[in-house]
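Asks: the sequence and its predicted three-dimensional model are supplied below.
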Amino acid sequence: WSSSALAASPAPSEMDNSKTAAFVQKEWNENVLPSLMDFVRIPNVSPAFDEAWDTNGLQMQAFELVTKWAEAQQLENCKVELVKEAGRTPLLILEVDAHESERACMLYAHIDKQPPMGVWMEGLGPYEPAVKEGKLYGRGAVDDGYGFYCAVTSIKAIQAQRLPCPRIVMLFEGCEESGSRDLPHYMDKLSERIGSPDLIVCLDAGCGNYEQLWMTTSLRGNATVLLTVQMLTEGAHSGTSSGIAPSSFRICRELLSRLEDEKSGLVVPAEFHAEVPPSRRSQAVAAAQILGDTVVRQFPFVEGGHPVAKDAPISEHILSRTWRPALSVTGCDGLPPTRVAGNVMLPLTTLKLSMRLPPSLDATQASQSLERILTSAPPQGARITLEHVATGNGWHAPLEAAWLQEAVHTASLTFFDKSCAYMGEGGSIPFMGMLLDMFPKAQFLVTGAAGPGSNMHAPNEFLHIDFSARLAMCVAQVVATLATNKAGEAARAKPAAAAAADQKTFLTSFQRSGGQLFFVGCDCGKTGCVIFDQGKERTYCPPVKVAKVEPNLRYFNATAMAAQMRMRIGRVKHRLEFRFVEWADACSAPRSAAAGAWVVGVDGLGSLVGDLITKRFLEQTQACRESNRAA
């Protein structure tokens, strides 16, 4: 972090950013990393991959390690309890009393791990922690051991400055990699202690790069099944049976073609697809501008290998892994190893299939569709059975409150010197859909340290040490901001009749903050729709034609506009970026309920007003946004 950024960006919580940075960095290097390395050494594989998990003691060994570490931190007014019921994985819960705050916050991570999954590079091992080039290698380092330490350290940093702090509940489960099957039971049992959080922080997601804070806006769902195709009751000599008896493997290939086009790699049935909200398309464009071809280069293609859609724009690659279905064959039974394989027509083949699903799709219905598509009309009379292994809905982030938008951008600018970025993730966190159902009014900060090359679930998993420390700083600042946030209540209490006055405040405060308003574009998805134009309170809806609003700047609607463009002011080029102010994603609803907006403006130097927006402007317009949405 730069000392100039720390000095120039005071947070609403009155946190001393320099002290936070120094405190967390020292804790991370001297206190966190040694314990995290001890954690990596424990092979506490998730129950789905270890039949002896409840008897070999490895899960309890890992939980006892982190429990003792949590107790040693001596958080003020903190209760630490390790819960373990017969036949269920452990759960660690930390409860911290509020300090000068009426808010509540939940922080989440998981302790269980994936298995080694193959051969690691020379000098590395899944349970042999190693630090190389600023990265901690080892299974569970980034997925999700660091999350436990990040959560505790962030609260410790708040208490170190005696700042107001919300009531804190931290939950660390032992079954996430197996579908969080025990978590609903514990959540129900501990419901009174958990309460109703205003903010839920999940630290099990990813990041697009290691240069800024990333907010995850969606997670794909998943349907995992075992497909078994049997043609014979026992094996037969391939010389005598081939040509007469169909191959069970070939039948599997035929069935997979019902789901996936083998040439394009695209999922065929329309019932596995869902519409991508315009705001998420826009965010994908913005993320593509930030990340460039890192989106595809992060994967270890062989020489000459290329992505599924070779020439697609980067934003389409992002959407393909975050909002579109994709089929993977992750395992196979019935085929012997090649070194012992003989000339035998095998009687059956079993494939483990993983179907990633769009965030808004119902995973249960998708699983039923999988069964219907794969088992109906068996080719050549094959015996086909389907076993459902795991089903989990995706998650689509609710509308971010204005205070949270400001808080994450402020934190990212403070500790990374870059604004926060937004992007969906292609993986699944079963817990998130359940939380959204349980706490529909809560705000969500879903983030993580699993960035490019970090290889979670694969060999050579690593944690980027510097990034994870900065992430803990950001979490501390956002939680501290929550503690003193009361603007939302005031905005909700404001009568809808004040909306017109609020809109004037929106325009005038933007201009007074040093920005020159070009236009405010409507995010309803209709080409050319604008809400304001050149600071004049003229409303355009239904859509108008593309309007030229400055001599060298043309307006296009949000779904088609790139997240960056260049404009010429005199003889100097300035980069103009966009910050989306999302009010709703339900673009099929009436416009008054679906109105979203993004603001474009430049200050006297051509800098981004949307990201360098002043605290005063946000305070003045927060009530405007709330009342507009209510109206």
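Replies: Cool, the structure landed. Residues are numbered from 1 along each chain as shown.

Asks: just the helices in the stretch 201-350 of the chain please.
Replies: Per DSSP state H, counting those that start in this stretch, the stretch 201-350 of the chain carries helices over the ranges 238-241, 248-259, 278-291, 294-297, 314-322.

Asks: sorry, wrong one. I was asking about the stretch 401-550 of the chain.
Replies: 402-415, 430-438, 465-484, 487-493, 499-512.

Asks: centroid-wise, who is the farthest residue in the chain?
Replies: Each residue of the chain has a distance to the centre, and by C-alpha atoms, centre = their mean the biggest one is for residue 240: 53.6 Å.

Asks: measure the spatially most central residue of the chain to residue 269 for me?
Replies: For the chain, the residue nearest the mean C-alpha position is residue 216 (3.2 Å; C-alpha atoms, centre = their mean). To residue 269, residue 216 is 27 Å away according to C-beta to C-beta, to the nearest Å. Quick note: C-beta positions are derived from backbone N, CA and C, even for glycine.

Asks: just residue 113 next, same as before
Replies: In terms of C-beta to C-beta, residue 113 sits 34 Å off from residue 269.

Asks: more crowded one of the two?
Replies: residue 113 (33 against 15; other C-beta atoms under 10 Å).

Asks: touching, the more buried one and residue 141? I think so.
Replies: No. Counting by C-beta atoms under 8 Å, residue 113 stays clear of residue 141, with 9.5 Å between them.

Asks: so where does residue 81 fall, helix or strand?
Replies: strand 78-83 (DSSP states H and E).

Asks: not counting residues beside it along the chain, what's closest to residue 136?
Replies: residue 463 (4.5 Å; C-beta to C-beta, 6 or more residues apart in numbering).

Asks: contacting residues around that neighbour?
Replies: 36, 135-136, 141-142, 145-146, 449, 454 (C-beta atoms under 8 Å, 6 or more residues apart in numbering).

Asks: got it, and residue 241?
Replies: Counted by C-beta under 8 Å, 6+ apart, residue 241 has contacts 232, 345.

Asks: how near is it to residue 253?
Replies: 18 Å.

Asks: can you check residue 167 too?
Replies: Relative to residue 253, and taking C-beta to C-beta, residue 167 is found at 55 Å.

Asks: give me the more crowded residue out of these two.
Replies: Between residue 167 and residue 253, residue 167 has the larger neighbour count (other C-beta under 10 Å), namely 20 against 14.

Asks: okay, that one: pLDDT?
Replies: Residue 167 is assigned 98 on the pLDDT scale.

Asks: distance of it from residue 196?
Replies: For residue 167 relative to residue 196 (C-beta to C-beta), the value is 10 Å.

Asks: any residues in contact with both of those two?
Replies: residue 104.

Asks: for residue 341, what are its contacts?
Replies: Residue 341 makes contacts with residue 335, as judged by C-beta under 8 Å, 6+ apart.

Asks: next, give phi and psi for it.
Replies: Residue 341 adopts backbone torsions of phi -70, psi 130, taken as degrees, to the nearest 10.

Asks: numbering from 425 from now on, please.
Replies: That works, and once the first residue is 425, the last one we named lands at residue 765.

Asks: quick check, pLDDT for it.
Replies: 94.

Asks: still on that earlier bit, for the residue nearest to the centre of the chain, give its distance to residue 856.
Replies: For residue 640 relative to residue 856 (C-beta to C-beta), the value is 9 Å.

Asks: what's the overlap in contacts for those two?
Replies: 626, 870.

Asks: where in this protein is pLDDT low?
Replies: 425-437, 910-1055 (pLDDT under 70).

Asks: hmm, 80 instead?
Replies: 425-437, 854, 910-1055 (pLDDT under 80).

Asks: isn't residue 551 right up against residue 463?
Replies: No. Applying C-beta under 8 Å as the test, residue 551 and residue 463 come out as separate, 10.1 Å apart.

Asks: please identify which of these two sits among more neighbours.
Replies: Legend: neighbour count by other C-beta under 10 Å for residue 551 and residue 463, higher for residue 463 (25 against 14).

Asks: for the more buried one, which non-adjacent residue is spatially closest?
Replies: residue 569 (4.8 Å).

Asks: how close does the one you found sit to residue 487?
Replies: Where residue 487 is concerned, residue 569 sits at a distance of 12 Å (C-beta to C-beta).
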